[in-house]
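# could you work out the structure for the sequence below:
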Amino acid sequence: MRSNAQILVDALRQPQSTLALDGAGWADLISMARAESLAGSLAYRLVDIAVPEAVKPVLQDSMQSSELARQQALWEAESARRALSSLSCKILLMKGTAYVAANIDAGIGRSIGDLDIMVDRSRLPDAEEALLDAGWEWVKPDPYDDQYYREYMHELPPLIHRERDRMIDVHHTILPLTARPTPCPKAMLDDAQKLDSGLYVMGEADMVLHSVAHMLADGDMAGGLRNLWDIDRLVRQFSWNNAGFWKVLHERAQLHGLEPHLARALRLAARLYDLPTDKSFTGASQLTDYFYVRRLLARDGWGRESRKITRQFFYIRSHWLRMPPVMLARHLWTKWRKK
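Purely as a prediction, here's the structure:
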């Protein structure tokens with residue numbers, strides 16, 4: 001049994017590496033891919049690889065599941081578009097739904113959960129009212145949680161559709177308002193690209209930077225291998241198709257205050273997925289990169305999380321990133337008392 005997720009990284013980076021796997025190796029690989037929500041992405045990467053007969057139906061099932069997720073995501077996006085059509089403002093799709101709606105390589109085989117959208121902050125009350133009228137309901141009825149979301153977070157409290165049991169997160173920016181980086185949501189909305197559906201997706205550089213922010217500036221890096229795979233796929237496609245992409249990416253990272261986060265994400269993607277990068281964008285490797293890699297690979301052959309101390313450190317770090325110390329202490333105290 002493998003002690004970390006390197007086998008999964010190897011398979012995504014170089015599919016031919018799976019030719020050397022035995023039965024136990026395949027079991028480890030599939031378990032890890034499922035745990036990291038990368039089973040569909042892995043299956044599509046292995047389409048041209050001679051895999052054992054026992055593995056073929058497993059991979060086929062993963063591809064079928066990802067196709068179903070794609071169809072569901074597009075339907076949820078269309079449902080939201082209809083519900084919000086009266087707003088007459090830009091509705092941005094985000095994350096996995098944006099990738100599949102825009103036919104971007106990062107959407108191939110990608111797992112997709114909630115629908116994430118973004119609107120101008122001034123239109124949040126209108127969006128909230130329209131979604132409630134269209135059948136969505138609040139997930140968090142607790143008054144403290146509701147107030148916390150509205151005052152400090154980058155999104156409304158999550159909503160779930162009463163009939164379809166599908167969740168939607170309505171954002172007005174990409175990081176909590178209390179976070180140290182302060183991305184510019186207006187710039188993201190101004191630069192958004194319109195799809196045939198009438199919905200929008202972020203511009204190429206902003207799409208990369210949203211994934212970077214989600215991975216490194218918000219949260220404990222759970223699901224980090226998938227987020228890093230998104231970054232790898234996005235950067236490869238955009239830089240290949242657009243000679244000026246790197247310059248724009250650097251300028252937008254400066255605008256959004258995400259330069260150090262972008263540099264680290266590019267270094268990690270180069271280290272794990274062999275993403276071609278330029279040292280002028282990544283800077284020199286840092287000693288702390290080791291701990292990020294260690295966190296990203298914290299998965300055993302059963303697909304279980306491992307390296308508890310490392311994960312705990314990044315969990316604490318996630319709270320530190322989101323709030324100033326006094327506010328963090330008050331928030332944790334309030335949450336503890338409510339248990």
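# distance of the closest residue to Ala265 other than its chain neighbours from Ser85?
Residue nearest to Ala265 in three dimensions, not counting chain neighbours: Val212, with 4.5 Å by C-beta to C-beta, 6 or more residues apart in numbering. For glycine as for every other residue, the C-beta is placed from the backbone atoms N, C-alpha and C. As judged by C-beta to C-beta, to the nearest Å, Val212 and Ser85 stand 32 Å apart.
# Provide the contact partners of stretch 193-207 at residue level.
77-78, 81, 90-94, 98, 101-102, 104, 187-188, 191-192, 210, 234, 238, 242, 245, 248-249, 251-253, 256 (C-beta atoms under 8 Å, 6 or more residues apart in numbering).
# what's the end-to-end length of that stretch?
One end of stretch 193-207 sits 11 Å from the other (C-alpha to C-alpha, to the nearest Å).
# and what of stretch 137-146?
As for stretch 137-146, its first-to-last residue distance stands at 13 Å under the measure C-alpha to C-alpha.
# how far does it sit from its chain's centre?
From the chain centre to the centre of stretch 137-146 is a distance of 24 Å (C-alpha atoms, centre = their mean, to the nearest Å).
# ok so, going back, select only the buried ones of the contacts of stretch 193-207 in PyMOL?
If you want just the buried ones from these in PyMOL, going by 16 or more other C-beta atoms under 10 Å, the selection is:
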select buried, resi 77+81+90+91+92+93+94+98+101+102+104+188+191+192+210+234+238+245+248+249+252+253+256
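# from what I see, the residue nearest to Ala265 and Glu259 are in contact.
No. Under the criterion of C-beta atoms under 8 Å, Val212 is not in contact with Glu259, lying 10.1 Å apart.
# need the strands for this protein, in chain order.
Here the chain has its strands, by DSSP state E, at 92-93, 115-118, 136-138, 159-161, 167-171, 193-194, 200-201.
# turn those strands into a markdown table, columns for distance to Met32.
Below are the strands of the chain laid out as a markdown table (distance: least, C-beta to C-beta, whole Å):
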| stretch | distance to Met32 |
| --- | --- |
| strand 92-93 | 29 |
| strand 115-118 | 25 |
| strand 136-138 | 34 |
| strand 159-161 | 30 |
| strand 167-171 | 26 |
| strand 193-194 | 34 |
| strand 200-201 | 30 |
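# let's have these in TSV, adding mean pLDDT.
Converted to TSV, the strands of the chain look like this (pLDDT from 0 to 100):
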stretch	mean pLDDT
strand 92-93	98
strand 115-118	98
strand 136-138	92
strand 159-161	95
strand 167-171	96
strand 193-194	98
strand 200-201	98
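# so who does Gly223 touch?
Taking C-beta under 8 Å, 6+ apart as the contact definition, Gly223 lies against Glu36, Ser37.
# if you set the cut-off to 6 Å instead, what comes out?
If a contact means C-beta atoms under 6 Å, 6 or more residues apart in numbering, then Gly223 has no contacts.
# next: Val100.
Contacts were defined as C-beta under 6 Å, 6+ apart; by that measure Val100 touches Arg70, Ala73, Gly107.
# Val212 and Ser85: which has the busier surroundings?
Between Val212 and Ser85, Val212 has the larger neighbour count (other C-beta atoms under 10 Å), namely 29 against 11.
# make sure the more buried one is actually in contact with Pro260.
No. The pair formed by Val212 and Pro260 falls short of the contact definition of C-beta atoms under 6 Å, at 10.1 Å.
# which residue sits closest to Val55, ignoring its sequence neighbours?
By the measure of C-beta to C-beta, 6+ apart, the closest residue to Val55 outside its immediate chain neighbours is Trp26, 5.5 Å from it.
# pretty sure that neighbour sits against Glu53.
No. Taking contacts as C-beta under 6 Å, Trp26 lies outside contact range of Glu53: 11.3 Å.
# comparing the two, which residue is more hemmed in?
More neighbours sit around Trp26 than around the other of Trp26 and Glu53, counting by other C-beta under 10 Å; the figures are 18 against 6.
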